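**Q** Starting from these lines, generate the structure:
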Amino acid sequence: AADKIRLIPQDFFAELCEQIIQHLNHKIPGVNTAELCQRIQTSGVEINIGDLAKIANILSFLFSTAARSNLSAEELVTTLGSAGSTLPKHAVQVIRHVWDEQGKALAAPEDARNTATVGQFVDMKWKLGVAMSSDTCRSLKYPYVTVTLTVADPSGQITDRSFEMTIPQFKNFFRQFKEMASVLETV
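**A** Residues are numbered from 1 along each chain as shown. Coordinates of the predicted model:
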């Protein structure tokens, strides 16, 4: 991971660290590694989304562990150094700075232990389509609904999940949402 971190420009690495701290503080639903990866690649750095996601997971673990241990910025940097860390100097400086500036809010031990273990809903998009024909049927005229859910997994990685439903399936889906809404109104 240190080799991949070495490739990431300092400003992008700082942005990644800040987003992770914000996610751990429940201020944002997750870290959009796909968008950040694309911006890093546009700047001329060759890194793939899988490697960036691994780095984000490592940093998330680092910051949540530091919060659980209630470490100061200096203690965090000392711990990184004593663990035989091969992190580049710019990365250690960014980690120190971000933890010093934003880690205090995260350092409440009870909050660090109660981080979410399930994903979090971010957004939903839908569209109605009609299959007009296929190679085996000239006139289908088959309506369907495509739904794309954007979710943040527990580590903060934002992903899209898409699925299609027939109209009867969508009506059942809608009915279940109405049931949830009515139950929530009673709470």
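**Q** quick check, Leu52 in a strand?
**A** No - read with DSSP: H, G, I helix; E, B strand; the rest coil, Leu52 is helix and lies in no strand.
**Q** neighbours around it, how many?
**A** Applying other CB atoms under 10 Å, we find 24 other residues in the vicinity of Leu52. (C-beta placed from N, C-alpha, C; glycine too.)
**Q** Let me know whether it touches Gln38 as I believe.
**A** No - assessed by CB atoms under 8 Å, Leu52 is found out of contact with Gln38, at 10.0 Å.
**Q** Skip ahead from the lowest-mean-pLDDT helix or strand in the chain and say which helix or strand is next.
**A** Within the chain, no helix or strand scores below helix 109-113, which has a mean of 45 by mean pLDDT, DSSP states H and E. Toward the C-terminus, helix 109-113 is succeeded by strand 120-131 as the next helix or strand (DSSP states H and E).
**Q** Could I get the contacting residues of Ala1?
**A** Contact analysis of Ala1 by CB atoms under 8 Å, 6 or more residues apart in numbering lists Asp51, Lys54, Ile55, Ile58.
**Q** same thing but 10 Å
**A** Ala1 makes contacts with Asp51, Lys54, Ile55, Asn57, Ile58, Leu59, Thr86, Leu87, as judged by CB atoms under 10 Å, 6 or more residues apart in numbering.
**Q** same deal with Met132?
**A** Arg138, Ser139, Leu140, Lys141, Tyr142.
**Q** Repeat that for Arg138.
**A** Met132.
**Q** how close does the residue sitting furthest away from the middle of the chain get to Tyr144?
**A** For the chain, the largest distance from the centre (CA atoms, centre = their mean) belongs to Arg138, which lies 43.3 Å off. The gap separating Arg138 from Tyr144 is 18 Å, by CB to CB, to the nearest Å.
**Q** Now list the buried members of the contacts of Ala1.
**A** Using 16 or more other CB atoms under 10 Å as the burial test, these include Asp51, Ile55, Asn57, Ile58, Leu59, Leu87 as buried.
**Q** circling back to that earlier point, got a winner among the contacts of Met132 for most neighbours?
**A** Tyr142 (14 neighbours).
**Q** Narrow the contacts of Met132 to those in strands?
**A** Tyr142 (DSSP state E).
**Q** Can you lay out the contacts of Met132 as CSV showing pLDDT and distance to Ile5?
**A** Putting the contacts of Met132 into CSV (pLDDT from 0 to 100; distance: CB to CB, whole Å) gives the following:
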residue, pLDDT, distance to Ile5
Arg138, 71, 56
Ser139, 72, 56
Leu140, 75, 51
Lys141, 76, 54
Tyr142, 82, 49
